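In: What follows is a predicted structure for the sequence shown.
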Amino acid sequence: MATDIIMPKMGESITEGTITEWKMNVGDTVKKDETILEISTDKVDSEVPSPATGEIISILFDANETVEVGTVIGVIGEKGEKINKEDNSEKSDLKDKDLIDTNKNITSSTEIPSNKPDIDLKNDYKVSSRFYSPLVRSIAKKEGLPLTELDNILGTGRGGRVNKLDILSYLKSKETSSSHDAITVNEESKKSRVPLSQDLDSKVEVMDPIRKKISEHMIQSQSISAHVYSTIDIDVTNLLKVKKTYSEVYKDKHSIKLTVTSLLIDACIKALSEFPLLNTSIVDTNIVHHKNINMGVAVALEDNNLIVPVIKSSEELNLIGLSRSLEDLSVRARNKQLDLEEVQGSTFTITNPGVFGGLFGIPIINQPNVGILSIGKIQKKPVVKETNFGDSIVIRSMMYVTLGYDHRLIDGAYGTKFLSYLSQVIDSYGDKIEI
């Protein structure tokens, strides 16, 4: 018996997902819970396991297609089982019909007369040689699109099919266009989308959903927060000694890594406890004081994207617990196995460009936080130290640390005092830590 592969719901606010890659092809044999495709939402990437054991007998949507949650995107059946095209079309049409009904339910009971021309679906759109789903036909009728204009929309769906996103994007571009003429997607219009400064060999690539969201988030943060920065040079010599002394103990006893980042997170939590204004959010003209320190940790992904998993209630964890949580979240982030709840709710964020050789970073605040800490590259430097015998030049492991903060709430004195306290905590690391 055939089993549908459904676009899963990755969280309460998620209404659609984009198929990034099918791991299987039609005809391939799969086992239940084996990964069959990867999807991406505006919050997180994730792998989708097979709902059953059998053979992939149908794939209804290709990679890079955006699909509503709950939509059938493929079918698994017994080896050799066939599914006809009418069944596939029926599944898709049924989903579109459900969406139309939903739209009707949320429409105001007071109908506003439309001055758009009335188009008979039965005698117009259905006579086209091109297939249009009931949802697309409904939108076209509502917006008064003639068949000739609808036929010229570039479809990104399977087989060039026009989907909901295609027609809505077209309508949006039509609204903002200074011309009242119909906008057709042809070879000439495709060329005009490429900036004139690019040569003919330039490649145009559409951003994936995660990169789009990062882009939006960065622009939003720059427009919301009054970004200012303070930087100090911190002596991490003692911290490195602790890491060297206990790395093998943590590995053998707890099967986890003791890293510089986990030690710095531990120190940062102590500093935030003394400077709680950096663990707040601004909502309109109100200051929200968070009870817990939910530490966001930026993790670079192999596809050049970035994700920020969150260690919830981090102040309740000792160094062992922090190290375990950091390792677990980082590994699952890179393997696209995080749940939506694990990338939401941060109250402060740490990013570490130093691991890639960055001397220091000037980070953008992760909204709705008011502070973000950037960790730079560790370097050995000659440092002047005061001793009982006068000044001495010694070699120490030094690291630039930059605090980005929202000047609407945090002033320079408060931000710099936080960094000075953080430096004291790091410098005071002794020979004993939790083991």
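Out: In hand now; what should we look at? Numbering: from 1, shown residues only.
In: okay, CA-based contacts and neighbour counts for the rest of this
Out: Will do.
In: Check which helix or strand Ala271 maps to.
Out: Assigned by DSSP states H and E, Ala271 belongs to helix 260-274.
In: Show me what that helix is packed against.
Out: helix 237-254, helix 319-334, helix 412-427 (3 or more Cα pairs under 8 Å, 6 or more residues apart in numbering; DSSP states H and E).
In: Recalculate using a threshold of 7 Å.
Out: In terms of contacts (3 or more Cα pairs under 7 Å, 6 or more residues apart in numbering; DSSP states H and E), helix 260-274 is packed against helix 319-334, helix 412-427.
In: which residues touch the helix or strand following that helix?
Out: Using DSSP H and E, the helix or strand that directly follows helix 260-274 along the chain is strand 280-283. For strand 280-283, contacts defined as Cα atoms under 7 Å, 6 or more residues apart in numbering pick out Ile287, Val288, His289, His290, Thr347, Pro368, Asn369, Val370.
In: any idea of the mean pLDDT for strand 280-283?
Out: Strand 280-283 carries an average pLDDT of 95.
In: For that strand, list every residue counted as buried.
Out: Thr280, Ser281, Ile282 (16 or more other Cα atoms under 10 Å).
In: so after it, what's the next helix or strand?
Out: strand 286-289.
In: Dump that next one to PDB, restricted to CA.
Out: Output in PDB follows, covering the C-alpha atoms of strand 286-289 (Å, rounded to 0.1, in the frame of the first residue of the first chain):
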ATOM      1  CA  ASN A 286      10.000  48.900  27.600                       C
ATOM      2  CA  ILE A 287      13.000  47.000  28.900                       C
ATOM      3  CA  VAL A 288      12.400  43.200  29.200                       C
ATOM      4  CA  HIS A 289      14.600  41.700  31.900                       C
END
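In: In contact with Gly415, which residues are there?
Out: Taking Cα under 7 Å, 6+ apart, we find Gly415 in contact with Ser230.
In: Look up how far Leu240 lies from it.
Out: Distance of Gly415 to Leu240, given as Cα to Cα, to the nearest Å: 25 Å.
In: Now for Lys203, how many residues are close by?
Out: By the criterion of other Cα atoms under 10 Å, Lys203 has 8 neighbours.
In: State whether it is indeed within a helix.
Out: No. Read with DSSP: H, G, I helix; E, B strand; the rest coil, Lys203 is coil and lies in no helix.
In: returning to that earlier point: may I see the contacts of strand 280-283 organised as TSV, with neighbour count and pLDDT added?
Out: Converted to TSV, the contacts of strand 280-283 look like this (neighbours: other Cα atoms under 10 Å; pLDDT from 0 to 100):
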residue	neighbour count	pLDDT
Ile287	12	96
Val288	12	96
His289	14	97
His290	14	97
Thr347	27	98
Pro368	17	94
Asn369	22	97
Val370	26	98
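In: Could you check how far the most far-flung residue of the chain relative to its centre is from Ile5?
Out: Here the chain reaches farthest from its C-alpha mean at Phe389, the gap being 55.1 Å by Cα atoms, centre = their mean. Noted for Phe389: a distance of 75 Å to Ile5, by Cα to Cα.
In: Show residues contacting the helix or strand harbouring Val228.
Out: Assigned by DSSP H and E, Val228 falls within strand 227-235. Strand 227-235 is contacted from outside by 396-407, 415-416, 423, 427, using Cα under 7 Å, 6+ apart.
In: Also stretch 391-402?
Out: 229-237, 359-362, 373-386.
In: of the residues you listed, buried ones?
Out: Buried among the contacts of stretch 391-402 by 16+ other Cα under 10 Å: 229-231, 234-237, 359-362, 373-378.
In: Low-confidence bits of the chain, can you list those?
Out: Within the chain, the stretches with pLDDT under 70 are 12-13, 42-43, 83-131, 133-135, 156-160, 176-200, 431-432.
In: show me where it has helices.
Out: Using DSSP state H, the helices of the chain run over 85-106, 134-143, 147-150, 164-176, 187-192, 209-224, 237-254, 260-274, 319-334, 412-427.
In: Would you format these as a markdown table with distance to Ala52 included?
Out: Shown next, in a markdown table, are these (distance: least, Cα to Cα, whole Å):
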| stretch | distance to Ala52 |
| --- | --- |
| helix 85-106 | 19 |
| helix 134-143 | 30 |
| helix 147-150 | 39 |
| helix 164-176 | 29 |
| helix 187-192 | 42 |
| helix 209-224 | 28 |
| helix 237-254 | 36 |
| helix 260-274 | 40 |
| helix 319-334 | 24 |
| helix 412-427 | 52 |
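In: So which of those helices is nearest Glu341?
Out: Nearest to Glu341, of all the helices of the chain, is helix 319-334, at 11.9 Å by Cα to Cα.
In: what's that closest one packed up against?
Out: Under the contact definition 3+ Cα pairs under 7 Å, 6+ apart, helix 319-334 sits against helix 260-274.
In: Mind listing what's buried along the helix it packs on?
Out: Neighbour-count burial for helix 260-274 flags Val260, Thr261, Ser262, Leu263, Leu264, Ile265, Asp266, Ala267, Cys268, Ile269, Ala271, Leu272 (criterion: 16+ other Cα under 10 Å).
In: try stretch 347-365
Out: Neighbour-count burial for stretch 347-365 [16+ other Cα under 10 Å]: 347-354, 359-365.
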